[in-house]
Every structure is written in C-alpha cells, then in structure tokens.
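> starting from these lines, generate the structure:
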Amino acid sequence: MLSSTWNFIKRHKRKFIVAGALVGGVYLLGKYAQRKLQEMQEREAAEYIAQARRQFHFESNQRTCNMTVLSMLPTLREAIIHHLNAENLTALLKSKPTNKVEIWEDLKIISFTRSIVAVYSTCMLVVLLRVQLNVIGGYLYLDNSVTKNGTTPLAPPEVQQQYLSSIQHLLGDGLIELITVVKKAVQEVLGLVSLKQNLSLQDLEQHLTRVRRLVEDDCGSLKHRTLSWYMMPDEENTLADQASGLTENDITTIKLLNETRDMLDSPDFNTVLNICLNRGFSRFLDNMAEFFRPPQQDSTPCSTPDSLSHVSLPLAKIIPIANGQIHSICSEIPSHFVQDLLMIDQVKEFAANVYETFSSPLDLQK
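Residues are numbered from 1 along each chain as shown. As a prediction, the model looks like this:
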C-alpha cells in the first residue's frame, strides 16, 4: 500500500511541485494584495481626515469673514457720513434759512451720493475681505497642517497684520475717490431734477442705472479704469517704494498684495463684484419701495408690485428716505442687505477657489 502510494507520488512528482508552487504563489499574492488593500484604506482614511480638517477650517474661516465684515461696517458708515454730512444740512433747514432751496439742492446730491457710495463700498468690503481672509486662511492651514521641518511659517503675524491693513485704503483714499466719482455722476443725473417732480420706483431705478453706468462704464475720462483701485492702491504705493531695507516679511507681504491685486483685476472677481452690486442696488430699491406703498385700504390688504409702479412721490420727500438708507446698508446688526451679500452663491464659490489655491502646497511653488 505504501509502496504504491510512493510510486504514485514519484510518477506525478512534477505535478505536485507545480501545484505546490501555485498554492504558495496564490498565498503570497493574497498576502500582498491584503497588505496593499490595507495601505490603500489607510491612505484613503488619512486623505479623508485631511479633507475633513481642511473643510472644517474653511467653514470656520468663512464665519470669521462674516463677523469681520459686520465689525467693520460701523467704521465704513462713519467714514461715509464724515465726508458726506447730510445732518448739518438738515439742521440748517430747521433754522428756516433764506437760502432754503439751495440747501435742499445740496441735500439732494449728498443724500443720494452717500447711499449709492454705501452700496458700492459695502459690496467691495464683502468681496475684498472674502479674498484677503481666504488668502491668509489658506496660508494658516498650511502652517498648521504641513510639516515645516523647523522653517519659518508662511504667514507670520507681522505679515498678516501688514497684509490685512491694506483694507484701510478702501476706508481712506479709495473711499474719497469713490465719493468724488459717484457725486459727480449723481450731480449729472439728478442735478436738474426739480425737488417738486414726482418720481416712481421705476423712475428711481432708471436714475440709479444711469449713475451706475457713469461710475462703472464711462471710464474713458476717469483716472482709474476699474473698480479695483478703490479697494487696493496701485503697486507703486505699496511697500515696494522702500527700495532698500526690506525684510523677509515685507517681501512676503508685497507678494501677497501683488497676488491679491491680480485677483481683483481678474474677470472672475469682477463678475462676482458685479453680481454683488446688482443684488445690493436691488435690495436698496426694495428698501425704498416700503415708503412708496399706498395707504392700506380695507379692500386691499397688501400692495402688489404692479400697484407700487403707479405710486410716485415728490423728490423732496424721497430725499430723506434715501438719506437714511446708509444706516440699514452699513449696519453692524445683520440686516437683509448684508445677509443677501454674504449668502450669494457666487461669492461663496469664489472664496472656496481662493482658499483652495492658497491652501495647496503645490500652488505655492509656482
């Protein structure tokens, strides 16, 4: 029995060797595949955790953006009121001066100018802070997440402070220039409109459209060709003026400012800004519409848009309404105006693209 078994094995020796090799190979291949599968699962888990951490940091950064916008609106409002002080004119009117009509004419121009400037500057503040804080947010994410091997951080506190302080241009020289341009446009559009002339909401919208066209499109005779100048100064006015003595932080700040300036001049940014401006002026007209509603009648419990189109008010009555809109537009308390701007999908998408660019290590090598 044993000899026959042994003879069988000897006759099929090669087959047994091949079979054994195959079984061993399959076993080793299985172990290798198991190890690779485990490595892939670990890598996917690590990528998922990193992506979740990145997403959490991004969302936290957007909340910071919203809070920063709200915290800066009172400063913006006070700056606009300082340069366009309608309250002094209102006080003069109460004293019954002899040049009453002249003061009313000045109040007309100042009231509309400061409301229109408030819309422009608030929209600019929203989109500019979205860019700047997501640039810094991307760098901070890398500083906190990527192994730096003891090297200096990409965005040290001094760089952050220098870079973010450039927002002061919008609150200073940029705002003054914007006021000058808008005031000139308002004077051209409304200067000859009588205080006694009745205006409907449609009339008001047409006047606003003309003012916007003069400010945004008719740039041939203007000093600055795009709206971006009001948000950031020209390159020659930056730290680059200091031809010598620049520190490493200064150089980093200049790089960030130049990259930001390129973004502000990009078609994508101007598309997003224009969407914000359209939404802002639409909300401004909605706020004004509340004062054009006819007296409530028992038979008409609510006013329809069609009914509002037939309502008109003397310009003299519209002036104080327009004059007071700045307190709604530049309110630190979340209002419909600001909330509308902060919730625009295109603003969120653009912010995500900025953050994605500056939180990706490979992009920093370019």
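> and the strands in the protein?
Along the chain, counting by DSSP state E, strands occupy 198-200, 312-314.
> kindly reformat the ones you listed as TSV containing mean pLDDT and distance to Met231.
C-beta here means a position set from N, CA and C on the backbone, and glycine is covered the same way. Shown next, in TSV, are those (pLDDT from 0 to 100; distance: least, C-beta to C-beta, whole Å):
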stretch	mean pLDDT	distance to Met231
strand 198-200	94	32
strand 312-314	93	35
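> the ones you listed into TSV, with extra columns for mean neighbour count and distance to Phe281?
Shown next, in TSV, are those (neighbours: other C-beta atoms under 10 Å; distance: least, C-beta to C-beta, whole Å):
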stretch	mean neighbour count	distance to Phe281
strand 198-200	16	16
strand 312-314	16	19
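> quick one: which of those is nearest Glu216?
Checking the strands of the chain against Glu216 by C-beta to C-beta gives strand 198-200 as the closest, at 22.4 Å.
> hmm, back to that, how about CSV for the strands of the chain, with distance to Thr357 added?
Putting the strands of the chain into CSV (distance: least, C-beta to C-beta, whole Å) gives the following:
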stretch, distance to Thr357
strand 198-200, 46
strand 312-314, 49
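> of all these, which lies closest to Leu341?
Each of those was scored for nearness to Leu341 using C-beta to C-beta, and the closest is strand 198-200 (26.3 Å).
> what sits up against the closest one?
193, 207, 292, 309-315, 318 (C-beta atoms under 8 Å, 6 or more residues apart in numbering).
> just the buried residues out of these, in PyMOL syntax.
Typed into PyMOL, the next command selects the buried ones out of the contacts of strand 198-200 (criterion: 16 or more other C-beta atoms under 10 Å):
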select buried, resi 207+292+312+313+315+318
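> filter the contacts of strand 198-200 down to the ones in helices?
Within the contacts of strand 198-200, membership in helices is found for 207, 315, 318, as judged by DSSP state H.
> what is the nearest of those to His82?
The nearest one, if we look at the ones in helices among the contacts of strand 198-200 relative to His82 and count by C-beta to C-beta, is Ile318, at 23.8 Å.
> which non-adjacent residue is nearest the closest one?
What sits nearest to Ile318 in space, not counting adjacent residues and going by C-beta to C-beta, 6 or more residues apart in numbering, is Leu199, at 6.1 Å.
> Asp217 and Val211, how far apart?
Separation of Asp217 from Val211 (C-beta to C-beta, to the nearest Å) stands at 11 Å.
> please say which of those two ends up with more neighbours.
Neighbour count, other C-beta atoms under 10 Å: between Asp217 and Val211, Val211 has more, with 22 against 8.
> ok, the more buried one touching Gln187?
No - look at Val211 against Gln187 with C-beta atoms under 8 Å: they stay out of range, at 9.8 Å.
> so which residues of the stretch 151-300 of the chain form helices?
Residue ranges of the helices in the stretch 151-300 of the chain, as given by DSSP state H, counting those that start in this stretch, are 157-164, 168-171, 173-190, 201-216, 248-264, 267-289.
> make TSV from these and add mean pLDDT and distance to Ser95 to it.
Formatted as TSV, the helices of the stretch 151-300 of the chain follow (pLDDT from 0 to 100; distance: least, C-beta to C-beta, whole Å):
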stretch	mean pLDDT	distance to Ser95
helix 157-164	89	44
helix 168-171	94	33
helix 173-190	95	25
helix 201-216	94	29
helix 248-264	89	46
helix 267-289	94	28
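> what stretches of this structure score poorly on pLDDT?
Along the chain, the parts satisfying pLDDT under 70 run over 1-58, 145-152, 218-225, 235-245, 295-309, 362-366.
> just want the most central residue of it.
Among the residues of the chain, Val127 comes closest to the average C-alpha position under C-alpha atoms, centre = their mean, at 2.0 Å.
> roughly how far apart are that one and Leu107?
Distance, Val127 to Leu107, by C-beta to C-beta: 31 Å.
> also Leu192?
In this structure, Leu192 and Leu107 are 16 Å apart, going by C-beta to C-beta.
> out of the two, which sits in the busier spot?
Between Leu192 and Leu107, counted using other C-beta under 10 Å, Leu107 has the larger neighbour count: 21 against 8.
> contact partners for that one?
With contacts defined as C-beta under 8 Å, 6+ apart, the neighbours of Leu107 are 86, 89-90, 93, 319, 323.
> quick revisit: can you tell me the closest non-neighbouring residue to the residue nearest to the centre of the chain?
When the adjacent residues along the chain are set aside, Val127 lies closest to Leu273, with 5.3 Å between them (C-beta to C-beta, 6+ apart).
> check contacts around Pro233.
Contacts here follow C-beta under 8 Å, 6+ apart; on that basis Pro233 touches 166, 169, 173-174.
> quick check: the two most widely separated of those residues?
Distance extremes for these: the farthest pair is Ser166 and Asp173 at 11.4 Å, using C-beta to C-beta.
> more crowded one of those two?
For Ser166 and Asp173, the more surrounded residue by other C-beta under 10 Å is Ser166, and the numbers stand at 20 against 14.
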